[in-house]
Each structure stands twice: as C-alpha cells, then as structure tokens.
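In: Sequence and computational prediction follow.
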Amino acid sequence: MGNQKMSANEKLRQDRLTFYKEDIERIDKLLAEFLRLSGAKCALLIDKEGHLVTKRGEVRTVDMDTISALVAGSFAATKEMARLLGEEEFTALYHQGHRDNIQLSLVGDRTLLTILFDDRTTVGMVRLYANETAKKLAEIYKEAIERTQDPNAPSLDAGYGNSAKKKLENLFD
C-alpha cells in the first residue's frame, strides 16, 4: 500500500481477524489437545478487545464475558508497564493463586490464550504446551488473514451497506 491512505474497510479487515466455523473447529481441536497434554483445566481464547472467541475444558459458573474483559484489561495494563520499562510488550503473564493459576499468552498479536490450571499440573508443563499451541494457532490466523486478503474471495461491495441501511429503515417505518 505504500504511502496511500488505508480505507476504513481495509483497516477494519486488517485489525479484525474473522474466524469461520472451520477455523473455530480447528482451534477447539487444538485447545482440547493442549488440555489433554498439559493437564490444565480450561483454555480460553480471547481477542485483545476482551471478547471470548472460544473455550474448552472445565468452566465453572464464572461469567466468561467478565473474565474475558478482565484478561484483556490486565494484558493491556501489562503492555503499558512493558513499554515504560523499554520493552515492546510482555508476551506471557502468569498469576498464581492458592488453588488456581492463570497463564496468559499473546498469540499472533491478536488474541490471548488464557489457561486456567491447578496443582494437577505445573506451570512448566503449561508453558511448554502453550508455546506449541500458540505456534499452531498463529498458523491458523495466518491462513485466515491470507483468505481475507485473497482478491478472489467473496466480499461485500459498497452497495451492501446502503441496501442494509434501507432494509433497516423500512423495518422502522
């Protein structure tokens, strides 16, 4: 693109990664395998804005929307601390509790792999398998990005927005 100004649609497409059903199925399979190998209780994939993408494993009656928002906020605060210390960002965080622990790993600069685990496993096992899982997730993201940048891929034309707006206006008239 060079020095040309990026359109709003192109910026949105670049900033937002769209997952299709097949992507989520592949991600869920990866997370299930991660849980099996690591011994962790639960794995959540959260986007950097705090939205839950998918989850696998033991999920208590915790509000996942709240957890997702707090994880994203925690990571954003830590990114600012890293910047103040001269780091671009910290790519992994670990929080230790009496019963439960949380490991957060940045994946592909777009999502946070959030792992909940207890004393059934160790932080070393979680980190080892989280790193491998993050690499595999990054490959899925790369494929999704390439798909959205494919000029032959179906896209919404400029008339779609106008058509949708008219349909909505007709609903409320």
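Out: On my side now, so go ahead.
In: now Ser105, what's its secondary structure?
Out: Put simply, Ser105 is strand when judged by DSSP: H, G, I helix; E, B strand; the rest coil.
In: Now do it against Lys21, distance only.
Out: 24 Å (Cβ to Cβ, to the nearest Å). Quick note: C-beta positions are derived from backbone N, CA and C, even for glycine.
In: higher neighbour count, these two?
Out: Ser105 (21 against 7; other Cβ atoms under 10 Å).
In: For the more buried one, give its distance to Glu169.
Out: Distance from Ser105 to Glu169, by Cβ to Cβ: 45 Å.
In: mind listing the helices for this structure?
Out: For the chain, the helices defined by DSSP state H occupy 8-15, 21-38, 64-84, 123-149, 158-171.
In: low-confidence ranges in the chain?
Out: 1-17, 149-168, 170-173 (pLDDT under 70).
In: so who does the most centrally placed residue in the chain touch?
Out: For the chain, Thr111 is the residue whose C-alpha lies nearest the centre (Cα atoms, centre = their mean; 2.6 Å). Counting by Cβ atoms under 8 Å, 6 or more residues apart in numbering, Thr111 makes contact with 17, 45-48, 53, 137, 141.
In: how close does it sit to Arg99?
Out: In terms of Cβ to Cβ, Thr111 sits 26 Å off from Arg99.
In: Please give me every residue in contact with the closest residue in space to Arg120 that isn't next to it in sequence.
Out: Spatial nearest neighbour of Arg120, chain neighbours left out: Gly39 (5.2 Å); criterion: Cβ to Cβ, 6 or more residues apart in numbering. Residues in contact with Gly39 (Cβ under 8 Å, 6+ apart) are 117, 120-121, 125-126.
In: make it 7 Å
Out: Residues in contact with Gly39, defined by Cβ atoms under 7 Å, 6 or more residues apart in numbering, are 120-121, 125.
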